[in-house]
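Chemist: Provide a 3D model corresponding to the input given below.
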Amino acid sequence: MSLFRDLAQFPARCRGGALSIGNFDGVHRGHARLVQRLVAQAQRIGGPAVVFTFDPHPAQILRPERAPTPLGWTERNAELLGQLGVDAVIAFPTDQDFLQLDARTFFERIVCDRLGARAMVEGPNFFFGHNRGGTIDVLRQYCDAEGIVLEVVAPIEIDGQLVSSSRIRKLVAAGEVAAAAELLGRPYRIQGTVVRGAGRGNTLGFPTANLEHITTVMPSEGIYACRAWVDGCPWPAATSLGPNPTFDEDSLKVEPYLLGYNGSLYGHRLELDFLARLRDIVRFDDAEALRVQIDRDVADTQTVFERHQNVGD
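Modeler: Presented below is the predicted three-dimensional model:
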């Protein structure tokens, strides 16, 4: 899979294929179904499967105060799309000028001229162009006129509700990470930079990697069983997300303890999969009572981690 951020560098080998346009935030099960059909169309016409997405999300430019916090970052979304069979992802650098293009101009410049699409795959609620002026019916008219095959893929439902990025955001924010994983098709992941903390974990026997600079949706406060990724290797990680009331610390922190890991992580980017929520954050009478509980959290994390490793998610 190739990731492009500039259409001027988009190679000829990626033109003339099947195209899907959208945000693909989090690349959930609904996206996976659409991409499955995209890849099938690409194989049918003998061309590449191409996804055109936006960086940043248009809402961050048009209405930043109401823009949704993303579920993933550009490189991660592109990686997931590649795993589903996409050949090229375009993370177009969105700006005001681009968002002023009307539907017809967008279609002619991007779909036809720049990408030379011969097939398109979209959902029924697809909109494009200035003020979302282009509907799926408008797109069908344009595609028919250009001889481009358009396939409309129905959304999927789980537990009687549509799978959507907004639904997943709500689940993650509520700490319902297992339910979010069901809609995503895998555990929810964040990434952050490891910075120096107070070092209190060392005194308790559980040195943590304190994460900052996280740009995606955060789960609610609590203790979580996680899977940390270090140089491509998974590690069980008992993670505290929130304050430390036992020591009268009110600041919100993300503190994973990587079981069995002895190396230094300061300054590194660390990725965390949220596998299960173990418990609420509570105040303990003293440091020893907290240490005993952390022992239990570590044991629970190891059990959850092994279960997920065995099922291969």
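Chemist: shouldn't Gln191 be within a strand?
Modeler: Yes. Assigned with DSSP: H, G, I helix; E, B strand; the rest coil, Gln191 falls within a strand.
Chemist: skipping its backbone neighbours, what lies nearest it in space?
Modeler: If the residues on either side of it in the chain are set aside, Gln191 comes closest to Glu271, at 4.5 Å by CB to CB, 6 or more residues apart in numbering. Just so you know, the C-beta spots here come from the backbone N, C-alpha and C atoms, and that holds for glycine as well.
Chemist: pLDDT value on that neighbour, please?
Modeler: The model reports Glu271 with a pLDDT of 97.
Chemist: tell me which residues of the one helix or strand it maps to come out buried.
Modeler: Assigned by DSSP states H and E, Glu271 falls within strand 269-279. Going by neighbour count (16 or more other CB atoms under 10 Å), the buried part of strand 269-279 is Leu270, Glu271, Leu272, Asp273, Phe274, Leu275, Ala276, Arg277, Leu278.
Chemist: so can I have TSV of these showing distance to Val35?
Modeler: Shown next, in TSV, are the buried residues of strand 269-279 (distance: CB to CB, whole Å):
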residue	distance to Val35
Leu270	28
Glu271	22
Leu272	25
Asp273	21
Phe274	23
Leu275	25
Ala276	28
Arg277	29
Leu278	33
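Chemist: summarise which helices and strands the longest helix along the chain is packed against.
Modeler: Secondary structure of the chain per DSSP state H: the longest helix is helix 287-311. Here helix 287-311 touches helix 200-204, strand 222-230, strand 233-244, strand 269-279, going by 3 or more CB pairs under 8 Å, 6 or more residues apart in numbering; DSSP states H and E.
Chemist: apply 10 Å and report the result again.
Modeler: helix 200-204, strand 222-230, strand 233-244, strand 249-258, strand 269-279 (3 or more CB pairs under 10 Å, 6 or more residues apart in numbering; DSSP states H and E).
Chemist: let me know which of those is the nearest to Ile136.
Modeler: strand 269-279 (34.3 Å; CB to CB).
Chemist: just the C-alphas of that closest one, formatted as PDB.
Modeler: The C-alpha coordinates for strand 269-279 follow below in PDB (Å, rounded to 0.1, in the frame of the first residue of the first chain):
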ATOM      1  CA  ARG A 269       6.200   6.800  20.300                       C
ATOM      2  CA  LEU A 270       4.100   4.000  22.000                       C
ATOM      3  CA  GLU A 271       0.900   2.500  20.700                       C
ATOM      4  CA  LEU A 272      -1.700   1.000  23.000                       C
ATOM      5  CA  ASP A 273      -4.600  -1.300  22.200                       C
ATOM      6  CA  PHE A 274      -7.400  -1.200  24.800                       C
ATOM      7  CA  LEU A 275      -8.500  -4.800  25.400                       C
ATOM      8  CA  ALA A 276     -10.800  -4.500  28.500                       C
ATOM      9  CA  ARG A 277     -11.800  -2.100  31.200                       C
ATOM     10  CA  LEU A 278     -10.900  -3.700  34.600                       C
ATOM     11  CA  ARG A 279     -12.200  -1.200  37.200                       C
END
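Chemist: report the angle between the strand holding Glu271 and strand 233-244.
Modeler: For strand 269-279 against strand 233-244, the angle by axes from the mean of the first three to the mean of the last three CA atoms, to 10 degrees is 60 degrees.
Chemist: quick one: list the elements packing against strand 269-279.
Modeler: Strand 269-279 packs on helix 177-184, strand 188-195, strand 210-212, strand 222-230, strand 233-244, strand 249-258, helix 287-311, going by 3+ CB pairs under 10 Å, 6+ apart.
Chemist: re earlier: ok, so of the buried residues of strand 269-279, who is nearest Pro56?
Modeler: Using CB to CB, Glu271 comes nearest to Pro56 of these, at 20.8 Å.
Chemist: ok, back up a step: residues contacting the residue nearest to Gln191?
Modeler: Arg76, Arg189, Ile190, Gln191, Gly192, Leu211, Cys226, Arg227, Ala228, Trp229, Val230, Pro234 (CB atoms under 10 Å, 6 or more residues apart in numbering).
Chemist: any weak-confidence spans in the stretch 51-200 of the chain?
Modeler: 198-200 (pLDDT under 70).
Chemist: apply 90 and report the result again.
Modeler: By pLDDT under 90, the low-scoring segments of the stretch 51-200 of the chain are 57-59, 62, 64, 66, 131-132, 196-200.
Chemist: so where do the helices sit in it?
Modeler: Listed in chain order, the helices of the stretch 51-200 of the chain (DSSP state H, counting those that start in this stretch) span 58-62, 74-83, 96-99, 103-106, 136-146, 165-173, 177-184, 200-204.
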